[in-house]
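A.B. asks: The amino acid sequence is not available; the structure is as follows:
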């Protein structure tokens with residue numbers, strides 16, 4: 001089980017799937033900073049190659065660097081999209097087992113959550129930081145260790 005990040009801890013934003021906009025990264029960083037976390041941006045987090053956030057090897061390098069860095073206490077995906085499945089089996093699982101830390105992400109990031117669970121027994125957080133409802137639930141899961149249940153708003157479906 002990964003330790004719970006506390007205010008003052010460093011977190012790293014990475015883009016293991018589709019590319020984010022600068023605005024998405026800035027919004028995510030602002031939310032995390034409002035929780036008292038120190039935000040670092042992965043070297044290739046803003047790269048773009050077609051629909052991906054850069055080359056497979058660069059997206060993998062950012063993930064591995066975050067899991068290897070002892071100062072980083074959580075790894076946050078900037079967005080989902082597609083492409084994480086292409087690198088999921090190549091993660092440095094030894095580094096993850098040596099210093100487990102939560103991975104937060106959704107959509108295609110599920111491929112990484114599953115690989116981390118399979119190889120390391122590390123549960124991730126299927127969540128997103130942008131948007132007030134998502135941010136509140138993700139914060140509870142990441143920093144409080146409390147369960148969070150989101151219910152679909154039937155009014156939003158009309």
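C.D. replies: Structure's in. What do you need? On a predicted model such as this, the values are computed, not experimentally measured, just so you know.
A.B. asks: Just the helices from this protein, written as ranges.
C.D. replies: Along the chain, counting by DSSP state H, helices occupy 22-34, 56-68, 93-98, 110-120, 132-139.
A.B. asks: mean pLDDT lowest for which of the ones you listed?
C.D. replies: Confidence, taken as mean pLDDT, is least for helix 132-139 of these (a mean of 82).
A.B. asks: quick one: it to helix 22-34, angle?
C.D. replies: 50 degrees (axes from the mean of the first three to the mean of the last three Cα atoms, to 10 degrees).
A.B. asks: Can you mark which positions in helix 132-139 are buried?
C.D. replies: 134, 135, 137, 138, 139 (16 or more other Cβ atoms under 10 Å). The way it works is simple: take the backbone N, C-alpha and C, and place the C-beta from them, glycine included.
A.B. asks: Also stretch 64-83?
C.D. replies: Those would be 64-67, 69, 72-81, 83, for stretch 64-83 by 16+ other Cβ under 10 Å.
A.B. asks: before we move on, what about stretch 8-15?
C.D. replies: Applying 16+ other Cβ under 10 Å to stretch 8-15 flags 9, 10, 11, 12, 13, 14, 15 as buried.
A.B. asks: Tell me the pLDDT of residue 148.
C.D. replies: 65.
A.B. asks: cool, residue 17 as well?
C.D. replies: 97.
A.B. asks: count of neighbours near it?
C.D. replies: The number of residues packed near residue 17 is 29, by other Cβ atoms under 10 Å.
A.B. asks: repeat for residue 94
C.D. replies: Neighbour tally, residue 94, other Cβ under 10 Å: 11.
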